[in-house]
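Peer 1: Sequence and predicted structure are below.
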Amino acid sequence: MKKIVVLTGAGMSAESGLKTFRESDGLWEEYNIEEVCTPEALRKKPALVLEFYNKRREQLLQASPNQGHLDLVKLEKNYDVQIITQNVDNLHEQAGSTKVLHLHGELMKARSTGDESLIYDLDKDNYTIKIGDRCEKGYQLRPHIVFFGEAVPMIEKAADICSTADILVIIGTSMNVYPAAGLLGFAPAGIPIYFIDPHPNISEKDDLDLHIIADKAGSGVAKMIDELI
Ligand code: APR
């Protein structure tokens, strides 16, 4: 089976009602990254940071996978599909995708601040993290999210996966944030690259076999599938 590697960003979940980051109504318009998504913020204003992610979990619990998520699952009948997502939501998994790698962490998980191997699942009945919530070793819990300035532990694995792609698909990302945006460079030269985004932020380079679908994920993935199957 040919291998399709799919790199997704916040735009993948936009039609599920989850805000992107850098569009006019994006999350970073409402909040200052430094205040809610850095290790310093967690140290100085833990309650604000924990509440920001509690609110995002609350929104995620109201959201469902959109047609774009569901169409990516259909691809698994004909291809070995590996999703690499910058998103911390679990909508790819809810839709039924079987291979999902989260580069920037997972919203529905909590992690010990004293032993990062201690990771706990959150769910609809237990989705908040508060000051005083502790791991089994007594350390405060934090969101299992990669904050700005923190290492991206899955990036090497993601690069290896991209280097074995027969087809690369990029959906709903402004390609603004590294090292995720650099994954494009690990794809084998000359493979087809599909870029699905209403405002595609990629330039037509002559050495890329680029297929731009300037559309939303909810309809754009289906257009790509029509070309692939
Ligand atoms: N379908 C597809 N793409 C869409 C849709 C949609 N319905 N709506 C918006 N988009 C596109 C926008 O055009 C934009 O290119 O989604 C992209 C969203 O870009 P960003 O808001 O920058 O989100 P993302 O690229 O995922 O950000 C990367 O930055 O803040 C950090 O960790 C955070 O993972 C995030 C990373």
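Peer 2: Here it is on my side, so go on.
Peer 1: For the ligand, what's its nearest residue on the protein.
Peer 2: Nearest to the ligand, among the residues of the chain, is G11, at 2.3 Å (CB to the nearest ligand atom). C-betas here are computed from N, CA, C, even on glycine.
Peer 1: mind checking pLDDT for that residue?
Peer 2: pLDDT, the model's per-residue confidence, is 97 for G11.
Peer 1: quick one: it from E35, how far?
Peer 2: G11 sits at a distance of 24 Å from E35 (criterion: CB to CB, to the nearest Å).
Peer 1: Tell me which helix or strand E51 sits in.
Peer 2: According to DSSP states H and E, E51 maps onto helix 46-62.
Peer 1: quick one: terminal-to-terminal distance for stretch 8-18?
Peer 2: Taking CA to CA, to the nearest Å, stretch 8-18 runs 14 Å from one end to the other.
Peer 1: In three-state terms, label V81 for me.
Peer 2: strand (DSSP: H, G, I helix; E, B strand; the rest coil).
Peer 1: returning to what we had before: the residue of the chain closest to the ligand belongs to a helix?
Peer 2: Yes. Counting by three-state DSSP, G11 is part of a helix.
Peer 1: is stretch 221-228 anywhere near the ligand?
Peer 2: No. Contact between stretch 221-228 and the ligand is absent, the nearest approach being 9.0 Å (criterion: CB under 6 Å from any ligand atom).
Peer 1: one step back: for the helix holding E51, what does the pLDDT average out to?
Peer 2: pLDDT averaged over helix 46-62 gives 96.
Peer 1: swap in stretch 131-144?
Peer 2: 98.
Peer 1: what comes up buried for stretch 197-213?
Peer 2: D197, P200, I202, L208, L210, H211, I213 (16 or more other CB atoms under 10 Å).
Peer 1: got the end-to-end distance for it?
Peer 2: Using CA to CA, the end-to-end distance of stretch 197-213 comes to 7 Å.
Peer 1: quick one: the strands in this structure?
Peer 2: 3-8, 80-85, 100-102, 105-112, 119-121, 141-145, 167-171, 192-196, 209-213 (DSSP state E).
Peer 1: Mind putting these into TSV with distance to E23?
Peer 2: TSV is the format used below for these (distance: least, CB to CB, whole Å):
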stretch	distance to E23
strand 3-8	16
strand 80-85	18
strand 100-102	22
strand 105-112	19
strand 119-121	30
strand 141-145	20
strand 167-171	15
strand 192-196	16
strand 209-213	18
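Peer 1: Kindly reformat those strands as a markdown table and extend each row with distance to the ligand.
Peer 2: Formatted as a markdown table, those follow (distance: least, CB to the nearest ligand atom, whole Å):
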| stretch | distance to the ligand |
| --- | --- |
| strand 3-8 | 8 |
| strand 80-85 | 8 |
| strand 100-102 | 10 |
| strand 105-112 | 9 |
| strand 119-121 | 18 |
| strand 141-145 | 8 |
| strand 167-171 | 6 |
| strand 192-196 | 6 |
| strand 209-213 | 9 |
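Peer 1: Looking at these, spot the one closest to N54.
Peer 2: Of all the strands of the chain, it is strand 141-145 that lies closest to N54, at 9.0 Å by CB to CB.
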